[in-house]
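Undergrad: Here is my input; please provide its structure:
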Amino acid sequence: MEIKFIPHYFIGTASVSESEKNTILQYVEKDTKNFIGKTTESAIGHDLFISSPTHSDIEDNIDYKKYDEILNKYIVSFVNQLTDYNFGLELLYYTNIYVKGQFAGPHYDDGDFTMIYFAKCDENSPATSVELSKNWLDLQYKFEKLPTIGGQSFDFKGIPGNIFFFPSSNLHWVLSSRSESERIVIVANVTVKINK
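TA: Take a look at the predicted model:
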């Protein structure tokens, strides 16, 4: 498994294996079939929480562990490229489902960085855009191998099976979907506990 960093930026990409991609798609199709209709109730993509202990809609909660069994090793590999110290992870998984016309406005996430796994999307699905701002500077005190960063925005056009990592403290958003198909992503807010 290879994590590729965008040169000079604290942004990484990876791809799962074909069998892992197919397995996650099967999980997603089974877990989301009862929720797709709900996503048309608002212009904002529906958050289908799968590990948040504070989420009150019990019917939305699904087991995240099967996703973590596949995606965790990619998260660990990404963090391994940022530090030589031992570390632990705190992960908050959730799923965003977008149908045509839905979007996610500019926002920040909790944790040190965000992982987005593209489970289902097509050529008309919107990219995830990340502002490359100085907000990432607080991470330089935590990760001794942090790459240098510039100052603009970066658009990541998802392909099923691809993973996108970026600092959670960077403003990010998803433009309105033009696709007739659902755009489904699995997201993890990742907090790293480094043992120095």
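Undergrad: all contacts plus neighbour counts: C-alpha atoms, from now on.
TA: Noted.
Undergrad: which SS class is residue 21?
TA: Secondary structure state of residue 21, per DSSP: H, G, I helix; E, B strand; the rest coil, is helix.
Undergrad: With residue 74 instead?
TA: Under three-state DSSP, residue 74 comes out as helix.
Undergrad: Neighbours of it, how many?
TA: Neighbourhood size, residue 74 [other C-alpha atoms under 10 Å]: 21.
Undergrad: got it, and residue 33?
TA: 9.
Undergrad: What score does it have for pLDDT?
TA: In this model, residue 33 is scored at 75, pLDDT.
Undergrad: so who does it touch?
TA: By C-alpha atoms under 8 Å, 6 or more residues apart in numbering, the contact list for residue 33 is empty.
Undergrad: Kindly provide the distance from it to residue 97.
TA: Distance of residue 33 to residue 97, computed by C-alpha to C-alpha, to the nearest Å: 11 Å.
Undergrad: try residue 164
TA: Counting by C-alpha to C-alpha, the gap from residue 164 to residue 97 is 17 Å.
Undergrad: Residue 68 too?
TA: Look at residue 68 and residue 97: by C-alpha to C-alpha, they are 18 Å apart.
Undergrad: Of the two, give the one with the bigger neighbour count.
TA: Taking other C-alpha under 10 Å, residue 68 and residue 97 do not tie; residue 97 has more neighbours (23 against 15).
Undergrad: Which strands border the helix or strand that contains that one, and is each parallel or antiparallel?
TA: Applying DSSP states H and E as the criterion places residue 97 in strand 86-98. The pairing partners recorded for strand 86-98 under DSSP bridges are strand 46-49 (antiparallel), strand 183-195 (antiparallel).
Undergrad: Save those as CSV, and put in mean neighbour count, mean pLDDT and distance to residue 75 too.
TA: As requested, those are exported to CSV (neighbours: other C-alpha atoms under 10 Å; pLDDT from 0 to 100; distance: least, C-alpha to C-alpha, whole Å):
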stretch, mean neighbour count, mean pLDDT, distance to residue 75
strand 46-49, 22, 51, 19
strand 183-195, 20, 91, 8
